[in-house]
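Asker: only geometry, no sequence info:
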């Protein structure tokens, strides 16, 4: 029960941050406002995410889930046709951009004002590269 409550709290914070970042921009959205919008204390946001950059990292993790990237990667594991495999990066990009293009945009705007976010953007790029490398390796074998 406690884990479900915590997961719900995290989701409420991320949803609040996502909306505020999209509306006001990353730089003009303080933790205090995210907490207020989520109906939690600012200390709760800090306890779960550590910083505003940590909240943005949480949005990148949310992006993977909302875009169905784990399911897409599982589906790719059973594929053997090189043409289907080559289409996977395009499908993944579309699945990210359609429901989560706002998070991608927020991430890009955050990098401009907070150097810590560059690490988050690099992690997102690393995940993408790993997926592409997996597909290339599958085609080669």
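Answerer: Looks like it came in fine. Here the structure is a predicted model, which means the values were calculated and not measured.
Asker: where is the longest helix in the protein?
Answerer: helix 82-113 (DSSP state H).
Asker: show me how far that helix is from its chain's centre.
Answerer: Chain-centre distance of helix 82-113: 10 Å, with Cα atoms, centre = their mean, to the nearest Å.
Asker: could you pull out the buried residues of the helix or strand just after that helix?
Answerer: Downstream of helix 82-113, the next assigned helix or strand under DSSP states H and E is helix 117-140. Neighbour counts over helix 117-140 (16 or more other Cβ atoms under 10 Å) mark 117, 120, 121, 124, 131, 135 as buried. All C-beta spots, glycine's among them, are computed from the backbone N, C-alpha and C.
Asker: what about helix 117-140, distance to the chain center?
Answerer: 14 Å.
Asker: what helices and strands are in contact with that helix?
Answerer: Where contact means 3 or more Cβ pairs under 8 Å, 6 or more residues apart in numbering; DSSP states H and E, helix 117-140 is packed against helix 52-66, helix 69-77, helix 82-113.
Asker: from residue 106, how far off is the residue nearest the centre of the chain?
Answerer: Nearest residue to the geometric centre of the chain (Cα atoms, centre = their mean): residue 60, 1.5 Å. For residue 60, the distance to residue 106 equals 10 Å [Cβ to Cβ, to the nearest Å].
Asker: got it, and residue 54?
Answerer: 14 Å.
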